[in-house]
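# Model the structure of this input:
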Amino acid sequence: MSGQSYNDDRVSTGIPTEPVGSIPRPLELQETLIAHSEGKVADEELNAVFDKIVRETIKRFEDTGSPVVSDGEQTKSSFATYPLDGLENIAPDGIVIPFEDGHARRLPYLTHGPFRYATYAGSYLPRAQKFATRPVKQAVISASAMSLLYPEQAMENYSPQQFLADLVKEAVADIRSCFDNGAYHVQIDFTEGRLAVKLDPSKKLLQRFIDLNNQVMSHFTNEERRRIGFHTCPGGDHDSTHSADVDYGELIPMLLTLKSGNFYMQMASEKEPEKALEIVAKHLQPDQRIYIGVIDVVNEEVETVEKVRDRVLMAADYIPLNQLGTTDDCGFSPFGDDVATSRDTAFAKIAARVRGTQLAFDKLKASA
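Presented below is the predicted three-dimensional model:
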C-alpha cells in the first residue's frame, strides 16, 4: 500500500462528495484512438494526447471545487473491458446487455484458460497524479461482471471453478494495484447488481454475485475496506438504462451485505427515492457510508444547486449525517464511444453537486 495516509473517520467536518468516474472523451481523443488502432498514430503520439486530455480533465475537475477527482476514465476503452485489452483468449459475441432505448452492449467471452487481466486499474493512477493536487480515486470493474465472460458451456480443460479461483486472484490484484499506486478510494463498479434481479427474479444470481465479491473483499483488512466502495446504478449509456424498471427494494438489502465501507448509490433518477432511502436506512450498518446520487446523468438538464441541496436534505432525513456522502448517479460516459453528454454539461453538473452538497451541509449545521 502507498505510504500516503488518509483520514476517513466517520466524523466529518462536512458531507464528503465524490465523482463516480467517467467523463465524456473529447473528439481529439476519440479520433486519435481510432487512428492508433489503424496504425496511423504511434504510441508516443497517443501517450502525448493522453497526457494532454487527462491534464485538462483533472484541471476541470478541480475547477468545480471537487475535493476528490479522477482521470475521468479518459484512457480506458470502457469501465468494464479495460482488463481485457490485448488479451488473446477472448472473442466477441458474448452476453448481450440490452438498454431501454433499443441499443445493446455485448461482452466478449473467454475462449480458453487461464484467465488473467491484461491491465490493472492501478496503472492509470500515475498519469492522473502527475496533474492532480487533490486525492485521486480509481474505479475498477467487479469480479461479478468479469464472471460473465465464462461461456455457458464449460470448457474442456478449464473448469468454472478454476476460472473463478483465477478471477478472484485477479480482482484482488486489480484493487491492490490501486492502493499500491496511491488511490484515495477504490470504487468497484457493480452495475450488474440490479440487472441480476431482472435476469433472475429469484435473486440466486444476485446472491452468487454478492458471494463472489465478498470473496474478493475477504483479502483486505478492515482499514482497507473502509477505502473500498461499491457503485450501483441501473446502467447509464447513451442516456439510457438497462434495469431502471427493477424495484430498487429488491436489490438494496442484499447490496448492503457487501463487505465494504462505502456505497455509491444512484438516487437522483429514482422514481421513488424516499421509498429507496427508507430501505437503505433500515439495512444500513454502522461502518458504512452511503454516497447518494444527487446528479441524474441520463438527463441533459443541469441541476440547480438548490435542487441538489434538496436531494441531500431528503437523504439526510434517513441517513445519519456522519454516514452520508454525495455522488453522481453513474459515470457520464462509461463506454469510450458514448458522447451523448458533453464535457461542459458533465462538469457543470459536477459543480452543482459540489456546491449543492455544501449548501445542504450549511443548512443542516445551522439547524442542529
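
# Wait, a helix at Arg105?
No. The assignment for Arg105 (DSSP: H, G, I helix; E, B strand; the rest coil) gives strand, which keeps it out of a helix.

# Please name the bridge partners of it.
With DSSP bridges applied, the residues forming beta bridges to Arg105 are Ile97.

# Could you measure from it over to Thr191?
In this structure, Arg105 and Thr191 are separated by 11 Å, where distance is defined by C-beta to C-beta, to the nearest Å. Backbone N, C-alpha and C define where each C-beta goes, glycine included.

# Out of the two, name the residue with the larger neighbour count.
Between Arg105 and Thr191, counting by other C-beta atoms under 10 Å, Thr191 is the more crowded of the two (26 against 19).

# Mind listing residues that contact the top helix by length along the chain?
The helix that spans the most residues within the chain, counting by DSSP state H, is helix 343-367. Residues from elsewhere that reach helix 343-367, judged by C-beta atoms under 8 Å, 6 or more residues apart in numbering: 14-15, 17, 19, 23-24, 26, 60-61, 63-67, 294-295, 297, 300, 302-313, 316, 321, 326-328, 332-333.

# which parts of that helix are buried?
By neighbour count with 16 or more other C-beta atoms under 10 Å, helix 343-367 contains the buried residues 343, 345-347, 349-361, 364.

# Which residue is the nearest non-sequential neighbour of Lys137?
Computed as C-beta to C-beta, 6 or more residues apart in numbering, the closest residue to Lys137 that is not its neighbour in sequence is His185, at 4.4 Å.

# With Pro16 as the reference, measure out to Tyr264.
Going from Tyr264 to Pro16 by C-beta to C-beta gives 11 Å.

# For these two, list the residues in contact with both.
Contact with both Tyr264 and Pro16 is made by residues Tyr291, according to C-beta under 8 Å, 6+ apart.

# the more surrounded of these two?
The neighbour count for Tyr264 versus Pro16, taken as other C-beta under 10 Å, is higher for Tyr264 (30 against 19).

# who's in contact with that one?
Applying C-beta under 8 Å, 6+ apart, the residues contacting Tyr264 are Glu18, Val20, Gln187, Gly229, Phe230, His231, Thr232, Tyr291, Gly293, Thr327.

# which stretches of the stretch 151-300 of the chain form strands?
According to DSSP state E, counting those that start in this stretch, the stretch 151-300 of the chain carries its strands in the segments 186-189, 228-232, 262-265, 289-295.

# Dump the ones you listed into CSV; add mean pLDDT and distance to Lys137 as well.
Output for the strands of the stretch 151-300 of the chain, formatted as CSV (pLDDT from 0 to 100; distance: least, C-beta to C-beta, whole Å):
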stretch, mean pLDDT, distance to Lys137
strand 186-189, 97, 6
strand 228-232, 97, 9
strand 262-265, 98, 10
strand 289-295, 98, 11
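
# can you list the ones you listed in a markdown table and add distance to Gly39?
Supplementary listing: the strands of the stretch 151-300 of the chain in a markdown table, determined by distance: least, C-beta to C-beta, whole Å:
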| stretch | distance to Gly39 |
| --- | --- |
| strand 186-189 | 31 |
| strand 228-232 | 36 |
| strand 262-265 | 39 |
| strand 289-295 | 39 |
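
# ok, back up a step: got the angle for the longest helix of the chain vs strand 289-295?
Relative orientation of helix 343-367 versus strand 289-295 (axes from the mean of the first three to the mean of the last three C-alpha atoms, to 10 degrees): 130 degrees.

# when you give positions from now on, start the count at 57
Fine by me, first position is 57 from now on; the one you just mentioned is helix 399-423.

# Now do the same for helix 399-423: mean pLDDT, whole number.
Helix 399-423 shows a mean pLDDT of 96.

# what does stretch 203-222 give?
For stretch 203-222, the mean per-residue pLDDT is 94.

# how far does it sit from the chain's center?
The gap between where stretch 203-222 is centred and where its chain is centred comes out at 25 Å by C-alpha atoms, centre = their mean, to the nearest Å.

# Stretch 338-346 now?
In terms of C-alpha atoms, centre = their mean, the centre of stretch 338-346 is set 19 Å apart from its chain centre.

# Please name the spatially closest residue to Phe106 (chain neighbours excluded).
Spatially, and ignoring its direct neighbours in sequence, Phe106 is nearest to Thr131 (5.1 Å; C-beta to C-beta, 6+ apart).

# how about that neighbour, what does it touch?
Counted by C-beta under 8 Å, 6+ apart, Thr131 has contacts Phe106, Val110, Tyr180, Arg183.

# Which pair of these spans the longest distance?
With distance counted by C-beta to C-beta, no two of these lie farther apart than Phe106 and Tyr180, which are 9.8 Å apart.

# Between those two, tell me which one has more neighbours.
Neighbours per residue (other C-beta under 10 Å) separate Phe106 from Tyr180, with Tyr180 holding more: 26 against 18.

# ok, that one to Gly128 distance?
Separation of Tyr180 from Gly128 (C-beta to C-beta) stands at 10 Å.

# Could you give the backbone dihedrals for the residue lying farthest from the centre of the chain?
Relative to the mean C-alpha coordinate of the chain, counting by C-alpha atoms, centre = their mean, the farthest residue is Glu212 (34.2 Å). Main-chain dihedrals, Glu212, degrees, to the nearest 10: phi -60, psi -40.

# pretty sure Arg81 is touching Ser389, no?
Yes. Using C-beta atoms under 8 Å, Arg81 and Ser389 qualify as a contacting pair, with a distance of 6.5 Å.

# Looking at the two now, which is surrounded by more residues?
A side-by-side neighbour count of Arg81 and Ser389, using other C-beta under 10 Å, places Ser389 first with 27 against 24.

# quick one: the more buried one is in a helix?
No. Counting by three-state DSSP, Ser389 falls outside a helix, being coil.
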